[in-house]
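[1] how does the following fold in three dimensions:
(chains A and B)
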Amino acid sequence: MEKVKKKLDFNGLTGIITLMIALIYGLSAYMLPKAAIGNPNAPRIYPLILASVLVMLGIILIIKSDIKQSIASFESLKKEASDNDRLNWKMIMQTSVLCVLYAAVFDHLGYVISTFVFLQIILVIINGKEKWKINTIVSLFFSIGIYIIFSKLLGIYLPQIPYLYI
Amino acid sequence: MDVIANLLNGFMVALQPYHLLMVTIGGILGTIVGMLPGLGPATGVAVLLPITFSMGPTAALITMTGVYYGAMFGGSRSSILINTPGDGAALAATFDGYPMAMKGKAESALAISAIASFIGGTIAAVFMVALATPVARFALKFGPAEYFLLMVAALSMTASMSKNNVLKGFISMILGLMIGTVGIDAQSGIERFTFGVLELQTGIDFLIVIIGIYALGEVFKSYKVINEGTKKAQTKFGKIWITKEEWKKSKWPILRSAPLGFIIGALPGAGGTMASLMAYNNEKQMSKNPEEFGEGAIEGLAAPESANNAASVGALIPMLTLGIPGSGTTAVMMGALLMLGIQPGPLLFTQNPDIAWGLIASMFIGNIILAVINIPLAGILVRVLSIPPKILYPIVLALAFVGTYAISNSVIDFYLLILFGILGYFMTNLKIPTAPMILAAIVGGTMEQSFRQAIKIANGSMNIFYGSTLAICLITITIISIVYPMIKEYIKKEKITA
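    Numbering: from 1, shown residues only, chains lettered A, B, ... in the order given. The predicted structure is shown next:
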């Protein structure tokens, strides 16, 4: 297993992604409006330099690497993914989606409620459903504790509980 | 004499009971975060930054110093007890620290690591006192062109020292510089790369980049460790101290490794990981019994621990005196300073000597307090290691979000945070180092401004970038830093084919 992993080489792929980022960035830098004062090109010279350096780096990386190897690595990664790898991916996806949902409700539900729910779900993902008792205790103490420390002791504003305003 | 008077003033500030309390609390919290596998000082400072928001700048800085040191001490605890370093710099502590713990000498290992860290950190702080003012004075001579070139040199050194792949180090660096260009251009008022998002007009706060990559990204990475199961740490100890013989063995390695660590730490890009590995190899070569290394030799733990802490102090020199962070961790510390409205750089020592010297004095005090916390209280603190990471990582996630909200009061930054977390995870998987990107994101804005100021001074001519001896020196350093790894790689290849 270790040997297979060492052979994985995504340099070609990385090079292509780099090149794409550089071109998109460079194009949007080129389309920037001209400055009204001073040298009209001043705001975009530096970004354009960055973009061209990145284009160069991306091309070097592609030339130096073996695209076929990259594709083969990608295929083998898909085929030989262990259950553990799949579980990792699933957990990362779940966490990311959950974080986005957390961001969406944060202002509306207030800190305590949104964080309590967020921690509950994330603890189910990471710690498991069976340990719901400890999960609930941790979520409850953390969300209320942090709220009290931040908004009451440190004077940092966090969204309040709707309708109750505490 | 000025230096000593300033330092004494610094001590007066740092020794106030409130500040002492803060450095202790920061130290304990930092130790706890540092003990979590995968989370090092950078994450510790990033996640715990919000607790300082309501404090004055001096107290906040002192607290963060405590967190910084605490996380370093904490990192070596988990290296020794569960063979999992908190960050790269604590890696060398696993080589002999873990075998020592396995052989039932966990007490000596914990004690010597704290003692070595304390001595290494203190020696380096003395060097810092001697060097800070001259370096800051020298830096005052820099014009915008030299300043720009200095940043280019520092960044390219960081990128070229990245492990695995220098090319990817530079890609990471350019990405970071690109992040720095988002927002309203300070000189012309033109919106750049905001895609019409109002919140992006002020630019992407690099603290979000840091928290995203270090907190979210590291938690994503840790899922692998969690799913593979974690080791249980020893939590019952005898008296945590060392024998006379053990001290005799480690005395010189500690003293030798401190200056080495300091110098390497002060170089941009090298940092604690390289310092501790070099110290380890150094001692192994000098040792009469090199075969004991890796089997639980106490020198093999003492040397890297001393070098590591010395490097962490050395790394603060370019950050404080030049305003250029040399590592991920100092980048976070610089973020903390900027957040508090303090601009690190040569002027810091003339305009805010109380803050600059208060920080240096608190490094001495922080070292003492951390050693005190970590020797007698180690037995209590390491119980954190017995709390399942499955509970601690979700808490780190939640802390990352509350920290972000405290910085910007805007949920838009949550989305950025998630993006950078995912980006950090992918970058690690594609073996692209993240440190150059973070450093570049921090200095990017200033770098562009100096670049344009220099051109303006020279009436649009680029000649200013090689118009002074200093500028030419800096260009030479940059070129060497780019060419050197290529030559090294070439020689390596020749050797393999030959």
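[2] okay, CA-based contacts and neighbour counts for the rest of this
    Fine.
[3] close to chain A: what parts of the stretch 251-400 of chain B are there?
    Within reach of chain A by C-alpha under 8 Å from any C-alpha of the partner chain, the stretch 251-400 of chain B has these residues: B:K390, B:I391, B:P394, B:I395, B:A398.
[4] which non-adjacent residue is nearest B:I179?
    Once flanking residues are discounted, B:I179 sits nearest to B:A441: 5.8 Å by C-alpha to C-alpha, 6 or more residues apart in numbering or on different chains.
[5] I'd like the residues of the stretch 251-400 of chain B next to chain A as CSV, with pLDDT and secondary structure appended.
    Output for these, formatted as CSV (pLDDT from 0 to 100; DSSP: H, G, I helix; E, B strand; the rest coil):
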residue, pLDDT, secondary structure
B:K390, 84, helix
B:I391, 86, helix
B:P394, 90, helix
B:I395, 88, helix
B:A398, 91, helix
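[6] just curious, which of those is nearest to A:L101?
    Lowest distance from A:L101 to these (C-alpha to C-alpha) belongs to B:A398, with 13.4 Å.
[7] pLDDT below threshold where in chain A?
    A:1-8, A:166 (pLDDT under 70).
[8] mind doing that once more with 50?
    Low-confidence segments of chain A (pLDDT under 50): A:1-6.
[9] what domains does the record give for it?
    A:1-65, A:83-165 (the TED database).
[10] now those domains as TSV including distance to chain B and mean neighbour count?
    Converted to TSV, the domains of chain A look like this (distance: least, C-alpha to the nearest C-alpha, whole Å; neighbours: other C-alpha atoms under 10 Å in any protein chain shown):
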stretch	distance to chain B	mean neighbour count
domain A:1-65	6	17
domain A:83-165	5	17
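[11] need the contact list for B:G296.
    Listed by C-alpha atoms under 8 Å, 6 or more residues apart in numbering or on different chains, the contact set of B:G296 reads B:F95, B:D96, B:G97, B:Y98, B:P99, B:M100, B:K103.
[12] what do you get if the cut-off is 7 Å, keeping everything else the same?
    The neighbourhood of B:G296, defined by C-alpha atoms under 7 Å, 6 or more residues apart in numbering or on different chains, consists of B:D96, B:G97, B:P99, B:M100.
[13] counting residues per helix, which one in chain B is longest?
    The longest helix of chain B (DSSP state H) is helix B:106-139.
[14] buried stuff in that one?
    B:106-125, B:127-129, B:132-133, B:135-137, B:139 (16 or more other C-alpha atoms under 10 Å in any protein chain shown).
[15] beyond it, next helix or strand please.
    Sequence-wise, the next helix or strand downstream of helix B:106-139 (DSSP states H and E) is helix B:144-160.
[16] hang on, the earlier thing: possible to save the domains of chain A as TSV with distance to B:A311?
    Formatted as TSV, the domains of chain A follow (distance: least, C-alpha to C-alpha, whole Å):
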stretch	distance to B:A311
domain A:1-65	31
domain A:83-165	33
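[17] how many other residues sit next to B:K284?
    By other C-alpha atoms under 10 Å in any protein chain shown, the residues close to B:K284 number 20.
[18] that one contacts B:P290, correct?
    Yes. Using C-alpha atoms under 7 Å as the test, B:K284 is close enough to B:P290 to be in contact (5.3 Å).
[19] which one's the longest helix in chain A?
    Secondary structure assigned by DSSP H gives helix A:83-109 as the longest helix of chain A.
[20] do the helix or strand containing A:K78 and chain B meet at all?
    Here A:K78 sits within helix A:67-80, counting by DSSP H and E. No. With C-alpha under 7 Å from any C-alpha of the partner chain as the criterion, chain B is not reached by helix A:67-80; the gap is at least 11.1 Å.
[21] quick one, that helix and helix A:83-109 angle?
    90 degrees (axes from the mean of the first three to the mean of the last three C-alpha atoms, to 10 degrees).
[22] got the contact list for helix A:67-80?
    A:L8, A:D9, A:F10, A:N11, A:G12, A:L13.
[23] and the pLDDT for the closest residue to B:G326 other than its chain neighbours?
    What sits nearest to B:G326 in space, not counting adjacent residues and going by C-alpha to C-alpha, 6+ apart, is B:P268, at 4.0 Å. Note on B:P268: pLDDT of 74.
[24] on the three-state scheme, B:P268 is what?
    coil (DSSP: H, G, I helix; E, B strand; the rest coil).
[25] what's around it, how many residues?
    Counted with other C-alpha under 10 Å, residues neighbouring B:P268 total 24.
[26] right, I'll leave it there.
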